[in-house]
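Trainee: sequence first, predicted coordinates after that:
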Amino acid sequence: MKAVIVGLGQFGRAAALAFARSGAETVAIDLDMEAIKHVQDEVDLAVRTDASSAENLEAQGVGHADVLIAGIGNDFEAQVLTVVHAKKLGVTRVLARAISDTHARALLAVGADEVLNPERDAAETLVLRLMTRMDGTQRKLTPDASAIELAAPSGLIGRPLRAQTLDFLDLSSVHLVALLRGDDPNSPETVTDPESRIEEGDRLLVVGRDGDIAALTQKLGIKAAPEPKAESEDDESE
């Protein structure tokens with residue numbers, strides 16, 4: 001199997017290394033030489049070139065690839081051109097990273113076989129791991145990111161569960177990943193369909209970097225409680 005990864009940000013780098021470690025012939029492409037250096041010792045070929053050029057892709061034998069992942073996150077035009085050229089060169093399967101529903105539709109329209117939203121997918125996976133309601137408690141997920149469950153503000157009632165629903169807050173890392181619905185606090189219905197509308201009484205499950213979570217609660221006028229610390233043995237012995 002031959003895999004081509006275009007764009008070596010965090011997602012692209014992880015994909016390139018995963019393909020290489022699984023034994024696939026792996027080609028990694030990026031314009032940033034520093035990004036190339038991070039993978040060049042593990043992939044079969046790491047090339048600093050502009051993937052939005054059909055000639056550059058053809059020169060790297062991209063047309064013979066079984067799969068190409070276009071993971072350019074900061075240049076949508078380059079992402080679109082990469083998808084178009086890859087399909088024209090005959091790549092069997094082209095997957096493209098999308099940062100919004102609008103981008104996803106555009107990438108599918110120009111020929112992408114599948115679009116990926118790794119941030120959203122990872123966030124939805126987290127929903128399955130959060131087995132209890134947090135009731136306004138901020139729960140740490142990583143050293144610099146948290147999840148928080150909030151009552152749906154009245155201004156969001158009727159809006160769809162989409163990544164863009166919170167865009168008006170101008171907080172780039174905050175993602176609305178699910179609605180928790182129902183009268184049973186111990187067994188709520190988890191709603192992840194992006195077309196579902198927020199209803200009165202819903203609670204929002206939001207993930208993001210700590211700074212943006214703090215800004216979110218401030219803008220919505222909500223005071224989030226920190227995650228309770230586990231009791232120490234000394235506390236238990238008192």
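Mentor: Received the coordinates, thanks.

Trainee: mean confidence for the host helix or strand of residue 12?
Mentor: Assigned by DSSP states H and E, residue 12 falls within helix 10-21. Mean pLDDT, helix 10-21: 92.

Trainee: tell me what that helix is packed against?
Mentor: Judged by 3 or more CB pairs under 8 Å, 6 or more residues apart in numbering; DSSP states H and E, the packing partners of helix 10-21 are strand 2-6, strand 25-30, helix 33-39. Heads up, the C-betas are built off the backbone N, CA and C, glycines and all.

Trainee: okay, the angle between it and strand 2-6?
Mentor: Inter-element angle recorded for helix 10-21 and strand 2-6: 160 degrees (by axes from the mean of the first three to the mean of the last three CA atoms, to 10 degrees).

Trainee: can I get helix 10-21 in PDB, CA atoms only?
Mentor: Taking C-alpha atoms only, helix 10-21 is exported to PDB below (Å, rounded to 0.1, in the frame of the first residue of the first chain):
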ATOM      1  CA  GLN A  10      -0.300  17.500  14.300                       C
ATOM      2  CA  PHE A  11      -3.000  15.500  12.400                       C
ATOM      3  CA  GLY A  12      -1.000  14.900   9.200                       C
ATOM      4  CA  ARG A  13       2.200  14.000  11.100                       C
ATOM      5  CA  ALA A  14       0.300  11.500  13.200                       C
ATOM      6  CA  ALA A  15      -1.200  10.000  10.100                       C
ATOM      7  CA  ALA A  16       2.100   9.800   8.300                       C
ATOM      8  CA  LEU A  17       3.800   8.100  11.200                       C
ATOM      9  CA  ALA A  18       0.900   5.600  11.700                       C
ATOM     10  CA  PHE A  19       1.100   4.600   8.000                       C
ATOM     11  CA  ALA A  20       4.800   4.200   8.100                       C
ATOM     12  CA  ARG A  21       4.800   2.100  11.300                       C
END
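
Trainee: mind listing what's buried in that helix?
Mentor: Under the neighbour-count criterion of 16 or more other CB atoms under 10 Å, helix 10-21 has 11-13, 15-17, 19-20 buried.

Trainee: quick one, what contacts residue 200?
Mentor: 152, 154, 157 (CB atoms under 8 Å, 6 or more residues apart in numbering).

Trainee: list the contacts for residue 1?
Mentor: Listed by CB under 8 Å, 6+ apart, the contact set of residue 1 reads 19, 23-25, 66-67.

Trainee: repeat that with 6 Å
Mentor: By CB atoms under 6 Å, 6 or more residues apart in numbering, the contact list for residue 1 reads 24, 66.

Trainee: just the pLDDT at it, thanks.
Mentor: At residue 1, pLDDT is 92.

Trainee: swap in residue 163?
Mentor: For residue 163, pLDDT reads 56.

Trainee: equivalent analysis for the one 4 residues further on, please.
Mentor: The confidence metric pLDDT takes the value 67 at residue 167.

Trainee: cool, residue 82 as well?
Mentor: Value for residue 82, per-residue pLDDT: 96.

Trainee: over to residue 238?
Mentor: Residue 238 is given a pLDDT of 42.

Trainee: residue 116 - how many residues pack around it?
Mentor: 19 (other CB atoms under 10 Å).

Trainee: just confirm residue 84 contacts residue 109, I think it does.
Mentor: No - at 10.4 Å, residue 84 does not count as touching residue 109 under the criterion of CB atoms under 6 Å.

Trainee: let me see the domain layout of this protein.
Mentor: 2-116, 120-226 (automatic domain parsing).

Trainee: related to what we said a few turns ago, name the nearest of the contacts of residue 200 relative to residue 215.
Mentor: Nearest to residue 215 among the contacts of residue 200, counting by CB to CB, is residue 152 at 18.2 Å.

Trainee: list the residues that contact that closest one.
Mentor: Contacts of residue 152 (CB under 6 Å, 6+ apart): 198, 202, 204.
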